[in-house]
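Student: Let's see this in three dimensions:
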Amino acid sequence: MGTINQTKLAHAPEDTAGAAPDARLRVALERRAANAAGIAIARWSSGNTYTEMQIAAALRPSARARWYDTAQKNLQDWLQRGGFAQRDGEQD
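Tutor: Numbering: from 1, shown residues only. So this is what the prediction gives:
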């Protein structure tokens, strides 16, 4: 079996010149499916799987993720110190 680029589809463009609209629609749908499959296979075979991208994101968080993490930690620290119940100027 060849690759998708080497495989000839059952209906070439010249085969659809006199075909009924349903046949042309079927050919178009087959080609769209073959193209989508080719893109998916290329993505999966390149090694950039969803799991690998998640691991990479966890190892190297973005600047936005780091900012949110810092903001969350600061909020938790502030709440532990009493939140709005603190007096002005009171710090750890």
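Student: Could you tell me how far Gln54 is located from Arg60?
Tutor: Relative to Arg60, Gln54 is positioned 12 Å away (CB to CB, to the nearest Å). C-beta coordinates here come from the backbone N, C-alpha and C atoms, glycine included.
Student: Output the below-cut-off pLDDT ranges for this protein.
Tutor: Judged by pLDDT under 70, the chain has its weakly predicted residues at 1-19, 46-48, 89-92.
Student: so where do the helices sit in it?
Tutor: Using DSSP state H, the helices found in the chain span residues 21-45, 50-59, 63-80.
Student: I'd like to know which of those is closest to Gln86.
Tutor: helix 63-80 (8.1 Å; CB to CB).
Student: Could you figure out how far the closest one is turned away from helix 50-59?
Tutor: 60 degrees (axes from the mean of the first three to the mean of the last three CA atoms, to 10 degrees).
Student: List the buried residues in helix 63-80.
Tutor: The neighbour-count check on helix 63-80 (16 or more other CB atoms under 10 Å) flags nothing as buried.
Student: Run the chain-centre distance for it.
Tutor: Offset of helix 63-80 from its chain centre (CA atoms, centre = their mean, to the nearest Å): 27 Å.
Student: Export only the CA atoms of that helix, formatted as PDB.
Tutor: Presented in PDB, the C-alpha positions along helix 63-80 are these (Å, rounded to 0.1, in the frame of the first residue of the first chain):
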ATOM      1  CA  ALA A  63       4.300  33.800  31.000                       C
ATOM      2  CA  ARG A  64       0.600  34.100  31.400                       C
ATOM      3  CA  ALA A  65       0.400  30.800  33.400                       C
ATOM      4  CA  ARG A  66       3.300  31.900  35.600                       C
ATOM      5  CA  TRP A  67       1.500  35.200  36.200                       C
ATOM      6  CA  TYR A  68      -1.800  33.400  37.200                       C
ATOM      7  CA  ASP A  69       0.200  31.100  39.500                       C
ATOM      8  CA  THR A  70       1.800  34.000  41.200                       C
ATOM      9  CA  ALA A  71      -1.500  35.800  41.600                       C
ATOM     10  CA  GLN A  72      -3.100  32.700  43.000                       C
ATOM     11  CA  LYS A  73      -0.300  32.300  45.600                       C
ATOM     12  CA  ASN A  74      -0.500  35.900  46.600                       C
ATOM     13  CA  LEU A  75      -4.200  35.700  47.000                       C
ATOM     14  CA  GLN A  76      -3.900  32.600  49.200                       C
ATOM     15  CA  ASP A  77      -1.200  34.300  51.300                       C
ATOM     16  CA  TRP A  78      -3.400  37.400  51.700                       C
ATOM     17  CA  LEU A  79      -6.300  35.300  52.800                       C
ATOM     18  CA  GLN A  80      -4.200  33.400  55.300                       C
END
